[in-house]
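>>> Sequence first, then the predicted structure, then my questions.
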Protein chains: 6
Amino acid sequence: MFSHNKRLMYTVRVSDPNPALATLMLEQFGGPQGELAAAMRYFTQALADEDPGRKDMLLDIATEELSHLEIIGSIVAMLNKGIKSQLAEASLKEADLYRALNSGGDSHTQALLYGGGPSLTNSSGVPWTAAYIDSIGDPACDLRSNIAAESRAKIVYERLINITDDAGIKEALGFLMTREIAHQKSFEKALYAIEPNFPPGKLPGMKKFTDLYVNASQGAGDTEGPWNSGEQWEKLDMIEENLPLDGGSGLASVKLMGAEKKAADALAERTMSVPGADPLTGADLGAGPGAGSPTRQR
Amino acid sequence: MFSHNKRLMYTVRVSDPNPALATLMLEQFGGPQGELAAAMRYFTQALADEDPGRKDMLLDIATEELSHLEIIGSIVAMLNKGIKSQLAEASLKEADLYRALNSGGDSHTQALLYGGGPSLTNSSGVPWTAAYIDSIGDPACDLRSNIAAESRAKIVYERLINITDDAGIKEALGFLMTREIAHQKSFEKALYAIEPNFPPGKLPGMKKFTDLYVNASQGAGDTEGPWNSGEQWEKLDMIEENLPLDGGSGLASVKLMGAEKKAADALAERTMSVPGADPLTGADLGAGPGAGSPTRQR
Amino acid sequence: MFSHNKRLMYTVRVSDPNPALATLMLEQFGGPQGELAAAMRYFTQALADEDPGRKDMLLDIATEELSHLEIIGSIVAMLNKGIKSQLAEASLKEADLYRALNSGGDSHTQALLYGGGPSLTNSSGVPWTAAYIDSIGDPACDLRSNIAAESRAKIVYERLINITDDAGIKEALGFLMTREIAHQKSFEKALYAIEPNFPPGKLPGMKKFTDLYVNASQGAGDTEGPWNSGEQWEKLDMIEENLPLDGGSGLASVKLMGAEKKAADALAERTMSVPGADPLTGADLGAGPGAGSPTRQR
Amino acid sequence: MFSHNKRLMYTVRVSDPNPALATLMLEQFGGPQGELAAAMRYFTQALADEDPGRKDMLLDIATEELSHLEIIGSIVAMLNKGIKSQLAEASLKEADLYRALNSGGDSHTQALLYGGGPSLTNSSGVPWTAAYIDSIGDPACDLRSNIAAESRAKIVYERLINITDDAGIKEALGFLMTREIAHQKSFEKALYAIEPNFPPGKLPGMKKFTDLYVNASQGAGDTEGPWNSGEQWEKLDMIEENLPLDGGSGLASVKLMGAEKKAADALAERTMSVPGADPLTGADLGAGPGAGSPTRQR
Amino acid sequence: MFSHNKRLMYTVRVSDPNPALATLMLEQFGGPQGELAAAMRYFTQALADEDPGRKDMLLDIATEELSHLEIIGSIVAMLNKGIKSQLAEASLKEADLYRALNSGGDSHTQALLYGGGPSLTNSSGVPWTAAYIDSIGDPACDLRSNIAAESRAKIVYERLINITDDAGIKEALGFLMTREIAHQKSFEKALYAIEPNFPPGKLPGMKKFTDLYVNASQGAGDTEGPWNSGEQWEKLDMIEENLPLDGGSGLASVKLMGAEKKAADALAERTMSVPGADPLTGADLGAGPGAGSPTRQR
Amino acid sequence: MFSHNKRLMYTVRVSDPNPALATLMLEQFGGPQGELAAAMRYFTQALADEDPGRKDMLLDIATEELSHLEIIGSIVAMLNKGIKSQLAEASLKEADLYRALNSGGDSHTQALLYGGGPSLTNSSGVPWTAAYIDSIGDPACDLRSNIAAESRAKIVYERLINITDDAGIKEALGFLMTREIAHQKSFEKALYAIEPNFPPGKLPGMKKFTDLYVNASQGAGDTEGPWNSGEQWEKLDMIEENLPLDGGSGLASVKLMGAEKKAADALAERTMSVPGADPLTGADLGAGPGAGSPTRQR
């Protein structure tokens, strides 16, 4: 069960209201790399994980991310407090209010639609979606997904720090960024505490194709690196000549019989391209009389 | 520039049409862990990456994933070929067609809306969205995201293999699953060829919070593991007592002045909760006369 | 700041695994009327509300809804525990697994994509979206939205109770349903503690149109009720005769000048319908020679 | 059946074209609180409601909302008429056109993608989705949802009025805002004409939990109000001590047997965290040689 | 302005309730090819079109599509009337209700979430989105889009007719299907009444590339048809040899200067792949000791 | 199978970085009329089409569209190269970086979230969705959809050309625009090579309604054109008098029996509007004491 203390995990001191900056901060509130995504990612994993240690860790971090969501949301609320009040009370002339809420980003939507409250959208106003969450219920995969997610969140915080000169916000963002580093470390430890963890799952790969590198993009710029050369790799350059890789026909087939076959044949015949036709088309009609003679009259 | 050969990268031999199985296969065609997501993830990264080796690798693998998309899509097309034809030609009685397209999954939508063609949806009919793609333009992050994505795709193929007893489909799925293992290996090599790569980005964390583990979920079930104990960690158990972690007030504040302050005060007063009131409410009205006396009459 | 105790707010006792029933329960986990929507609705409102009492109440209830999310998610995890394990371990023959994960609802997607973990989707597999949250940052509106939301959640729980015969699940659902009633009561009290609260906002309506009822749907079935008759209403039946209601032209106009006017005229001329034409069309072409003579030859 | 008269319900007089202002107006055309959402909300409810009076009212108001959609859409079309023509006819130099369509909001997308026609998006360009509609087919809930929706729409119109100084637009917006007030009144009447209407549905709550207020957020700022004190409430402050509220174990459990139990055990063992390990991790590798000694060598 | 008559445009006679069939009908209510999409497509075009004739036609057909939406929604409501009532009144035992609402399609969601009312979703429960609408504000394009949309709607109705044996529903669907044919005819007439209409817009194509057919997919199965041969076409088979088609370098370039160039160089260096490295990776670690020797020790 | 050459199909020469212009170009990268939509539209059709010629054509054009996606994506990458580097390296002061990434459009999101890489979003940041793809698996429909799609893409390129004064970008856009013209021509040829192709599908329309034009929008502005007059049309003006068009009751009905009928009656009674009531409502309560006397006291 969750409980809450009205003190924030980290104090939020904002110098001045700034609705356009608020818009940018939303990226970590309701954006794909933001704190709600983090919290929900770990919380849903925790509910299904049976390993006591991992479950506990996932709940610890999920809970902390909710507290981060509260911090970043509070920053947004502070930055919007001026415009929110002025719009609600109509305390400026229309033209001045219009300018004030058009200060940048999607701050106009934040004011008009959300009334200056922190919305679960990204910095372009796109509503948060659970499509951002990539948990699939296998710990060796989900921990890798978490590692990647923490690294991405770290960078988005770094970018926000780079563009903010409000000292109080900068400090709170620094705290949040640092915690992503710590979380990544935890998830790394948990991943390698599963032995073995590569490849994930139970099924081994097909021997023949595990170490094969398919050089599908060729021409000037073809390069070698540890990802396609060295003792773990066999590189395939002559692709066309080896197509398909299984030595078969390279075609897709299915066995249709009886009524299904008959229906398929009827459909093919009904919708076939008439061979040899060069029909007059809608484009020919639409090109107008001066456009050259259509190739065939009906 | 892309080019195409009409032979598949791996031959697709389907024994019998089965629209419900086709629905399941869609998970790797238009689902979040499927081949379009993979191809687009690497392709968009390639366009912006300036490192010649990584760019080449990303294009190689993106191109191969498009060929995988073609394989899994061909499996879907073969599995749906019967129902597609029978519905288009109305070659069965209504009640029989109705049963045939209600064979499971969202096969009814596949037939009615998409006419048996492979749709860019997952196995529940949810349209593919670029929200599945988590590239952020930093190679140390994007490679981690790619590693995680390949591991997830490997597992979803393993699950599909586990539920399929059509030998031809099983073999093609085995090929596709294996290639995800190979791709994960490539991305791992590319990640560790960046030195250093942890933490990603340029900004270091705040010393004080990098090795801190916040034990935010407590009570029975609290556990130790390498993610919260050992020499890399300091664990915080007494959270409430240390709140906020910066030693400040734990409150959010912003400096409003002049007209903004006045508007904020006016808004607060206009929308305040009247102290001491116990008002009659809509629920009191709606509970009906027999529901006990409302606490306060107007 | 949030903290967590690993005990649930209400004990979850599930008799037997049942992945199809799990699918239905998702409606209150990741569906539009579910607990994540509730928690996020109140949490985001709390961050921006300046009234101390309302802010506290919103945080209380938001926090409790997170604990509800944990309960319903735990029910889903328990119901899926069998299929999750059997699919991961491939402990059944393919055909048996195929049948097991096709047991109803979108249970196939839950198993294949989410591995049996609770996903933030509704019972049809649609990912949760912040578009479900209708907070706009005005307390007299948001409280009404909350009242409505609690009433909806109550009914969806009632429906789930009506279709479940597992005693342990039924009891937990009964608890959750009851709490929605209690929350609705709180929000009603908070709404009527704002005086006045109708109409919301500061601007009054236009006198002439506040009490007007426009009888826009006529014919058999036209009915009177307190919503269109009584001393608060003036009913308009003769609409066409009174169109537009402002007595003007009923047209939309804008003043274009100079270059804009010239461009608009050029566009109109370039894309105008040729008067008097009865052109040969693509449909005429496509209808085929036996379809009757096209009305006009080019 | 619907019919249409080409006169608007209210005359639209726009002074000057202004594509940025058009963007803001879209909030009530294709935004979540806009007129399409209103019309579709009531129309879909009407189709399923069997009460003759409510059905008639819902059709009356749904039809009127379609006429409002036409008004607000006409405002958008007028505001965009200049940029639409100039872009289509390329009647300005490139740099001037570029500036003209970057005048604010998402006006660039409105011009480039929608050609200046009113699009069913909100003011940030997010496409309208039926996820905005919260009808659930129970009149005591749906009427509450409608009441809330009308109150929200009233406020968004008020905000638009506050930022517009074009007299003709202001007047039309005033009309639309007023009609939301009138509609809210109708829905209130219809709700209380159902007796009783609270709690909605048939099932009563569990006596013990109906009047309970759970004080889940504590610490400084804890407040009393009619929502948690008074004769209708019992307040629970000592939560941890009373966890879970049913007096049970607070755990989630399910009975697995036979093959399912065996599979679950196998899965747990295969994916368990190795106890006592402090493994070398990818982060350790990635931190580079200068980052301190990894805690354990393989 | 719209008005409404409570009689339907076409009488709806449903023999028996059938919630699974209701699910299928939703495809034309809230699906991508359904009536709401049609109505909104034409209505939004009408608002921005200045040609009096086309505007009138678009309003005529948009209004009729709303009446079609009412017909198909009424079919859904009738098919769901039984399950709606039984779930609301809990008039069956739990297990029987459970079976009743799991009758097929996404009927479980229709009952649980929408209470049997017609929802603006497709037959898989995907909410309607304005992303279905492809209007771009150019009549020669929009009319082509409308022609295509009507042809698609015609086919989806045909499919529904093919699987329905309820005579009353079949007749109503036949009416709706026929109207799509009539509407397609109207839009064709309106397209060809614009002269010329191909290519759309004002800008001509680049002479050299207008008649070029790029044979980008080669190998067995290469075919000729009127789309790539005949007097309107020049076919390019030797693509690689002619790459790029403009005779340039085939590379992407931009001129960076000063600070931008310096930053770009710094970024490239910081994130470069170390040449010649064959690093130990996370996959090497995760493969476990028995997996073969990692290629390089740190 | 796909393969790739690192040379572009058309050389991309960008003069200067410009992140706001990059935002606009995204419309053809990840927007609804953009190249991914085109490629996926034709590729998915190809997989299911059995006609050898059409299948080949669809693969040719799908492959070419992928190469176009690469061109437009490369333009975006070049335009963003400066801001990407400066943000990653923090090579400007905060306030300057803030200004640089707020240069217009949704360029702030492009920089913060996507790091300057081309994202699969439109110019407002809306993620690409497969809901843009309208293929339904019938060639006579899908080809019409393709014709319309090509015409739309042509126009969006024309608009981009009109607002760009960078000569290199303008030339590349001109190439891409021209290819859409060529593709439209191919699809037109393929459509008319199916004989007949109108109406699509097998079922004929109902004779009585095929040539009927319903004049659903009346009043001033009613117009005649080839879409509603001439020998192919019968126009219905007196709609109300002819309602419903089938001569029946114009009502929706279903036969409920036994338990279903009983439940429906119980539901109707439980939720009926009490006749004659003029209840006190929440709005009456909320209007406050000074708002006039509520019409009825409880």
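Nice, I can see it. Numbering: from 1, shown residues only, chains lettered A, B, ... in the order given.

>>> Going along the chain, name the strands of the stretch 101-250 of chain A.
Assigned by DSSP state E, counting those that start in this stretch, the stretch 101-250 of chain A shows strands spanning A:212-214, A:217-218, A:234-236.

>>> Among those, which comes closest to residue B:252?
Ranking the strands of the stretch 101-250 of chain A by their distance to residue B:252 (criterion: Cβ to Cβ) puts strand A:217-218 first, at 50.3 Å. Using the backbone N, CA and C atoms, a C-beta is placed for each residue, glycine as well.

>>> Quick one: residues in contact with stretch A:206-220.
With contact meaning Cβ atoms under 8 Å, 6 or more residues apart in numbering or on different chains, stretch A:206-220 is reached by A:222, A:227-229, A:232-237, A:239, A:245, B:56, B:59-64, B:67, B:174-175, B:178-179, B:181-182, B:185-186, F:2-7.

>>> Any quick PyMOL command for the buried ones out of the residues you listed?
The PyMOL selection below is limited to those of the contacts of stretch A:206-220 classed as buried (16 or more other Cβ atoms under 10 Å in any protein chain shown):
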select buried, (chain A and resi 222+227+228+232+233+239+245) or (chain B and resi 56+59+60+61+62+63+64+67+174+175+178+179+181+182+185+186) or (chain F and resi 2+3+4+5+6+7)
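
>>> which residue ranges form the helices in the stretch 1-150 of chain A?
A:19-25, A:35-48, A:52-89, A:94-101, A:107-112, A:139-162 (DSSP state H, counting those that start in this stretch).

>>> highest average neighbour count across the ones you listed?
Mean neighbour counts were compared across the helices of the stretch 1-150 of chain A using mean count of other Cβ atoms under 10 Å in any protein chain shown; the top stretch is helix A:107-112, at a mean of 29.

>>> quick check, it touching chain F?
No. Helix A:107-112 stays out of contact with chain F when judged by Cβ under 8 Å from any Cβ of the partner chain, the minimum separation being 10.4 Å.

>>> any idea how far that helix is from the chain center?
Computed by Cα atoms, centre = their mean, to the nearest Å, the chain-centroid distance of helix A:107-112 equals 24 Å.

>>> how close does residue A:141 get to chain B?
Remark: distance between residue A:141 and chain B (Cβ to the nearest Cβ, to the nearest Å) = 4 Å.

>>> how close does residue A:116 sit to residue E:40?
31 Å (Cβ to Cβ, to the nearest Å).

>>> that older thread, dump the helices of the stretch 1-150 of chain A to TSV, plus mean pLDDT and distance to chain C.
TSV is the format used below for the helices of the stretch 1-150 of chain A (pLDDT from 0 to 100; distance: least, Cβ to the nearest Cβ, whole Å):
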stretch	mean pLDDT	distance to chain C
helix A:19-25	96	11
helix A:35-48	98	4
helix A:52-89	97	4
helix A:94-101	93	13
helix A:107-112	93	9
helix A:139-162	98	8
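
>>> picking that back up, let's have the strands of the stretch 101-250 of chain A in TSV, adding mean pLDDT.
Shown next, in TSV, are the strands of the stretch 101-250 of chain A (pLDDT from 0 to 100):
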stretch	mean pLDDT
strand A:212-214	97
strand A:217-218	96
strand A:234-236	97
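
>>> Looking at those strands, which is nearest to residue B:139?
Of all the strands of the stretch 101-250 of chain A, strand A:217-218 sits nearest to residue B:139, with 17.7 Å by Cβ to Cβ.

>>> Strand partners (parallel or antiparallel) of the closest one?
Strand A:217-218 has its sheet partners listed here by DSSP bridges as strand F:2-5 (parallel).

>>> How about residue A:125, nearest residue that isn't a chain neighbour?
residue D:124 (2.9 Å; Cβ to Cβ, 6 or more residues apart in numbering or on different chains).

>>> What of residue A:50?
In space, residue A:50 is closest to residue D:268, 5.1 Å off (Cβ to Cβ, 6+ apart).

>>> Quick check: buried residues in the strand or helix carrying that neighbour?
Element membership of residue D:268, judged by DSSP states H and E, is helix D:258-270. Across helix D:258-270, burial judged by 16+ other Cβ under 10 Å covers D:260, D:263-264, D:266-267.

>>> State the pLDDT value of the residue nearest to residue A:50.
Per-residue confidence (pLDDT) for residue D:268: 94.

>>> next one: the one 10 residues further on
At residue D:278, the pLDDT value in this model is 91.

>>> neighbours around it, how many?
Residues within reach of residue D:278, counting by other Cβ atoms under 10 Å in any protein chain shown, total 20.

>>> That one reaches residue B:226, doesn't it?
Yes. In this structure residue D:278 lies within contact range of residue B:226 using Cβ atoms under 8 Å: 4.5 Å.

>>> joint contacts of the two?
What both residue D:278 and residue B:226 touch, as defined by Cβ under 8 Å, 6+ apart, is the set residue A:189.

>>> Taking the stretch 51-200 of chain A, what residue is nearest to chain F?
With Cβ to the nearest Cβ, the shortest gap between the stretch 51-200 of chain A and chain F falls at residue A:124, namely 2.9 Å.

>>> mind listing what that residue touches?
A:105-106, D:124-125, F:106, F:108-109, F:121, F:124-126 are the contacts of residue A:124 under Cβ under 8 Å, 6+ apart.

>>> Just the pLDDT for whatever residue of the stretch 51-200 of chain A ends up closest to chain D.
Closest residue of the stretch 51-200 of chain A to chain D, Cβ to the nearest Cβ: residue A:125 (2.9 Å). Looking at residue A:125, its pLDDT is 97.

>>> cool, and the one 5 residues further on?
We note a pLDDT of 98 for residue A:130 in this prediction.
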